[in-house]
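Chemist: I need the structure of the sequence given here:
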Amino acid sequence: MRLLEARSKQFAEFFDQIPPYAILSHTWGPNELTFKDVERNGYVPSQKIDGCCEQALKDGLNFDWYRRSQVCYAYLSDVPSGVNVEEEDSRFSESRWFTRGWTLQELIAPKKVKFYDESWNFIGRTSASEDDQDFTMLLSRVTRIDVEILADRRSFSQFGVAQRMSWAACRTTTRVEDTAYSLLGLFGINMPLLYGEGSRAFQRLQEEIIKASDDESIFAWDFNETPRRHVALFAVSPRNFASCGHMVPSILARWPIKNLQLISSL
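Modeler: Reported below is the predicted structural model:
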């Protein structure tokens, strides 16, 4: 793991005994921070500047980087200072950070997420503490993700496939394939990244999920935006799981897969 020590402005490589670190989450914009900017201006100690590479995505390391962090700083560059986050349709709830595919894992994986506006003013944080309860509940309404997991990520394992898919239902990615690739860590899946395969990536993700999980809720998707002429075992996108936010896992049988044929007993 490569970490940036902001006091010395030097990168350091760690393989074992990784020290505590903070990690940044943001959405890409036209005026991105570069390492030269960091060299000129000090930032919070041990910020990890995440430069994603394909191998890291393939191995699900992005999710693991966030999971192992002490805190994640979520920078919402489109939220102005002084905004009332509790107002309906506020600039906070409309932030693009809540609409992007990759930021989902950056919300779910860390122990703690602290949110900041465009001027780096503190907005709120996810926590099981009573002091943070109101903000965590607000975040749940904005993201449609259960309060339990936002307050304590240790409850993550109790949420089934359909529920996890529903969290991504209203999120988008620049590349079609990233709709699937951004979910690898949420399902503990490793698979080759084949940019150019388009929507086939999401089907491959579902194939890998049923190899690793007995949860039948993966088949509970509905058509909504999908044409009715689409007849297939798997959903086209996470949008098909939009109504599955409260669906509990359903584990009844094991399905062997041979040559991409699903063998089930009815």
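
Chemist: so residue 90, which state does it fall into?
Modeler: Put simply, residue 90 is coil when judged by DSSP: H, G, I helix; E, B strand; the rest coil.

Chemist: what sits against it?
Modeler: Each residue near residue 90 by C-beta atoms under 8 Å, 6 or more residues apart in numbering is listed here: 83-84. C-beta: built from backbone N, CA, C; applies to glycine.

Chemist: show the pLDDT at it.
Modeler: Residue 90 is assigned a predicted lDDT (pLDDT) of 91.

Chemist: now do residue 212
Modeler: You'll see residue 212 listed with a pLDDT of 92.

Chemist: same deal with residue 41?
Modeler: 62.

Chemist: please apply the same query to residue 261.
Modeler: Looking at residue 261, its pLDDT is 55.

Chemist: what do you get for residue 51?
Modeler: Looking at residue 51, its pLDDT reads 40.

Chemist: likewise for residue 250?
Modeler: Predicted confidence (pLDDT) for residue 250: 76.

Chemist: what's near enough to touch residue 165?
Modeler: Here residue 165 is in contact with 183, 218, 221, 235, 238, 240-241, 244 (C-beta under 8 Å, 6+ apart).

Chemist: and which of the residues you listed is nearest residue 134?
Modeler: residue 244 (26.7 Å; C-beta to C-beta).

Chemist: pop out the phi and psi values for the closest one.
Modeler: phi -100, psi 20 (degrees, to the nearest 10).

Chemist: surely it touches residue 164?
Modeler: No. Residue 244 is beyond contact range of residue 164, at 9.2 Å (criterion: C-beta atoms under 8 Å).

Chemist: got a markdown table for the contacts of residue 165, with pLDDT, neighbour count and distance to residue 75 too?
Modeler: Below are the contacts of residue 165 laid out as a markdown table (pLDDT from 0 to 100; neighbours: other C-beta atoms under 10 Å; distance: C-beta to C-beta, whole Å):
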| residue | pLDDT | neighbour count | distance to residue 75 |
| --- | --- | --- | --- |
| 183 | 97 | 26 | 23 |
| 218 | 95 | 24 | 34 |
| 221 | 93 | 25 | 33 |
| 235 | 94 | 23 | 32 |
| 238 | 96 | 25 | 25 |
| 240 | 95 | 23 | 31 |
| 241 | 96 | 25 | 28 |
| 244 | 94 | 22 | 30 |
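
Chemist: now those as TSV including secondary structure?
Modeler: Listed next are the contacts of residue 165 as TSV, based on three-state DSSP:
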residue	secondary structure
183	coil
218	helix
221	coil
235	coil
238	helix
240	helix
241	helix
244	coil
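
Chemist: where in the protein is the helix or strand with the lowest mean pLDDT?
Modeler: Every helix and strand of the chain was ranked by mean pLDDT, DSSP states H and E. The lowest is strand 47-48, at a mean of 42.

Chemist: count of residues packed around residue 17?
Modeler: Neighbour count of residue 17, defined by other C-beta atoms under 10 Å: 5.

Chemist: sticking with it, tell me its helix or strand.
Modeler: Under the criterion DSSP states H and E, no helix or strand holds residue 17.

Chemist: which phi and psi values does it adopt?
Modeler: With angles defined as degrees, to the nearest 10, residue 17 sits at phi 50, psi 50.

Chemist: now do it, the pLDDT please.
Modeler: pLDDT at residue 17 comes out at 85.

Chemist: could you do residue 9 as well?
Modeler: We have a pLDDT of 80 for residue 9.
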